[in-house]
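1. I would like the atomic coordinates for the input below:
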Amino acid sequence: MLKTLFINNYALIDKLELNFNSGLNVITGETGAGKSIIIGALGLVLGNRADKSVVNEKVNNKCIIEAVYDNPSDKIISLLTEYDFDKEAELRIRREITSTGKSRAFINDTPASLVQLKAFASLLVDVNSQNQTYIYKKSEFQIAMLDNLASTEIQLKDYVFNYKKCKIIQKELSELILKEEEAQKQYDFIKFQFEELEEAALVEGEETLMRSELQILDNAELIKLALHNTTQSLSQKDENIVSSLEALMLELQSLNSFSESYSKLYERISSSLIELQDIAVEYEQLNEETEFDPNKFKQLQDRLDMILHLQQKHRLHTVEELLEYKNLLDTKLQEFASMSQDIIKLESKYKEAKSIVESKAAVLSKKRLSSIPGIMRRINKGLQGLGMKDADFQISVNILDNVTVNGIDEIDFLFSSNKGHKADSLAKVASGGELSRVVLTLKSMLSSNNNLPTVIFDEIDTGVSGDIATKVGDVMSQMADNMQVIAITHLPQIASKGDFHYKVFKKELNDITFSDIVLLDTQQRKSELAMMLSGDENNKSALAMASELMS
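-> Residues are numbered from 1 along each chain as shown. Have a look, this model is predicted:
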């Protein structure tokens, strides 16, 4: 229930703290006094868009609106938990707007987004105004209203869960099919690139080895000459290093018996001689093997050119990078090959999910259709009670071929207020006053189901008068037995039904006009009702009528 509404520097309101009560709270006042300004301020804490023009800069450069709700419902507490807000005995929502247009919002003193405010709004207050009755002509609202009246919450929740699940699968399938189509366009090119690299039979590290071999082949004569001279010096000339060492060892051998030092040095020379002999043999083998082979040179040069061409083509720098790219292409080809199978599996999954959704839609539709006759009877009875004795309200259902977020039912509210005239779409035939009574009847039915939070009627009684106004007031009073009702009205018949009566008026302070509101006592209520009836709060006949209305 809305307990307190605090408004500071909003439009014509300077500072106001308004305490509401359970039951029927009525708000009256002259045209332009600021009755609807209060609803506009409340709308800001419910997440409506802020307008910097509401800030009176002559008073302050900031507007603050705070609403306090007591006894938060289980749904509110669940939402507080979901958004990680503090859970307290009261729910406090504050909105701050500066003259520059900046806006901040808080829930239980924790910063909140407008999206979060709107999430709480539908669980807190249901605002109905003359300017908003067009909403009731919209098919989306009508089907939501039908579901509330038909108590389809379980079936609807089950359906929507499966519908969303099905849409997710459908989206995945569409994206995969699109991906396959795009892959198909690239498949031949990717395959050609892969086969080209596969045919190249690249080997990791081969580029380095080839460059080394080419360098040797390209310098074969120079290398062979150096190898030949080295072999000659080591072992083949008349006076070569190996022969000299052998002669030296014969001469030194006799010294081994004189000292261990001589013996160790002799062993070292002997080891060096063996090493030099091996080196000489290997140099000789290399010399024999080193020949300039033009065919091999061309083969190596051609393969190196081929590798360089592939590197330039793919903008890579090494054989290793080419091998990585080939593996990437191979992965893409494998993905393409598996896409068809994935699509088949996903199509089967989607078909199954769609079948479940269609089944759930049928269950939901059956629940709606079975409830419609009773709902229509209740609505028509309510309209007759509001003076529309020939009213004919019908709910038309068109079963769609395909499921939507609302199921397979397309709903249209049909209405006729005149006997002998066929009911037509509510959006076409209902006048403002008729539509107001339809809305009131629907809200009254919902209140009896305890499906509504606090309800606000902002001059929704426009277009009715006399005895009908009294009946409208009776309906609001009955609604207030189950919930908090706040009604802004210009009709004394309705105002007299209030459990609490507030009057909005203008006042001047320092040459600035402000709106204010006061809770009226019994005598003040009589005077206000007399003013509404006759334009004179002291008119004896009007005062008598006011007393009669209040009795």
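2. give the closest residue to residue 187 in space, chain neighbours not counted.
-> Distance criterion Cβ to Cβ, 6 or more residues apart in numbering; nearest residue to residue 187, sequence neighbours excluded, is residue 336 at 5.8 Å. Bear in mind the C-beta positions are built from the backbone N, C-alpha and C, glycine included.
3. pull the distance from the helix or strand containing that neighbour to the chain's centre.
-> For residue 336, the host element (DSSP states H and E) is helix 319-385. Distance of helix 319-385 from its chain centroid, counting by Cα atoms, centre = their mean, to the nearest Å, is 19 Å.
4. I'd like the average pLDDT over that helix.
-> For helix 319-385, mean pLDDT is 90.
5. tell me the contacts of the residue nearest to residue 187?
-> 180, 183, 184, 187, 190 (Cβ atoms under 8 Å, 6 or more residues apart in numbering).
6. how is the protein carved up into domains?
-> As given by automatic domain parsing, the domain ranges for the chain are 2-151+386-519, 182-337.
7. wait, isn't residue 461 in contact with residue 469?
-> Yes. Contact criterion Cβ atoms under 8 Å: residue 461 and residue 469 qualify, at 6.4 Å.
8. give me the common contacts of these two.
-> 491, 494.
9. more neighbours, the two?
-> residue 461 (25 against 22; other Cβ atoms under 10 Å).
10. state the three-state secondary structure for that one.
-> Secondary structure assignment for residue 461 (DSSP: H, G, I helix; E, B strand; the rest coil): coil.
11. same question for residue 18.
-> Residue 18 is classified as strand under three-state DSSP.
12. which residues does the residue lying closest to it once chain neighbours are set aside contact?
-> The shortest distance from residue 18 to any non-neighbouring residue, by Cβ to Cβ, 6+ apart, is to residue 5 (4.6 Å). Residue 5 sits next to 16, 17, 18, 20, 38, 41, 42, 65, 66, 67, 68 when contact means Cβ under 8 Å, 6+ apart.
13. what do you get for residue 152?
-> Residue 152 neighbours (Cβ under 8 Å, 6+ apart): 364, 367, 368, 371.
14. repeat that for residue 322.
-> 197, 200, 202, 307, 310, 311, 314, 316.
15. and if you look at residue 260?
-> So residue 260 contacts nothing (Cβ under 8 Å, 6+ apart).
16. and the residue nearest the centre of this protein?
-> residue 115 (10.6 Å; Cα atoms, centre = their mean).
17. not counting residues beside it along the chain, what's closest to that residue?
-> residue 47 (7.6 Å).
18. ditto for residue 458
-> In space, residue 458 is closest to residue 129, 3.7 Å off (Cβ to Cβ, 6+ apart).
19. burial of the one you found, as a residue count?
-> Residue 129: 17 surrounding residues under other Cβ under 10 Å.
20. before we move on, what about residue 83?
-> Residue 83, neighbours per other Cβ under 10 Å, totals 15.
21. what does residue 280 give?
-> 20.
22. what does residue 351 give?
-> Neighbour tally, residue 351, other Cβ under 10 Å: 10.
23. roughly how far apart are it and residue 55?
-> Going from residue 351 to residue 55 by Cβ to Cβ, to the nearest Å gives 57 Å.
24. re earlier: can you tell me which of the contacts of residue 322 are buried?
-> Buried subset of those (neighbour count, 16 or more other Cβ atoms under 10 Å): 197, 200, 202, 307, 310, 311, 314.
25. can you list those residues in CSV and add pLDDT, secondary structure and distance to residue 104?
-> Converted to CSV, these look like this (pLDDT from 0 to 100; DSSP: H, G, I helix; E, B strand; the rest coil; distance: Cβ to Cβ, whole Å):
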residue, pLDDT, secondary structure, distance to residue 104
197, 85, helix, 60
200, 82, helix, 65
202, 82, coil, 63
307, 82, helix, 65
310, 84, helix, 61
311, 84, helix, 59
314, 82, coil, 55
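26. now distance to residue 431 too, for these, in TSV please.
-> Listed next are the buried ones among the contacts of residue 322 as TSV, based on distance: Cβ to Cβ, whole Å:
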residue	distance to residue 431
197	78
200	83
202	84
307	86
310	81
311	81
314	75
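27. from these, pick the one nearest residue 85.
-> The closest of the buried ones among the contacts of residue 322 to residue 85 turns out to be residue 314 (Cβ to Cβ; 55.7 Å).
28. look up phi and psi at that closest one.
-> Dihedral pair for residue 314: phi -100, psi 10, per degrees, to the nearest 10.
29. what do you get for the one 3 residues further on?
-> As for residue 317, its main-chain torsions (degrees, to the nearest 10) stand at phi -120, psi -20.
30. for the residue nearest to it when sequence neighbours are not counted, list the residues it contacts.
-> What sits nearest to residue 317 in space, not counting adjacent residues and going by Cβ to Cβ, 6+ apart, is residue 311, at 6.1 Å. Residue 311 is in contact with 317, 318, 321, 322, counting by Cβ under 8 Å, 6+ apart.
31. check residue 419 too.
-> With Cβ under 8 Å, 6+ apart, residue 419 has these contacts: residue 390.
32. so what's residue 395 closest to, chain neighbours aside?
-> With Cβ to Cβ, 6+ apart, the residue lying closest to residue 395 is residue 372, at 4.9 Å.
33. my error: substitute residue 532 in the last question.
-> Nearest non-adjacent residue to residue 532 (Cβ to Cβ, 6+ apart): residue 492, at 4.1 Å.
34. surely that neighbour is in contact with residue 533?
-> Yes. With contact defined as Cβ under 8 Å, residue 492 and residue 533 form a contacting pair (5.1 Å).
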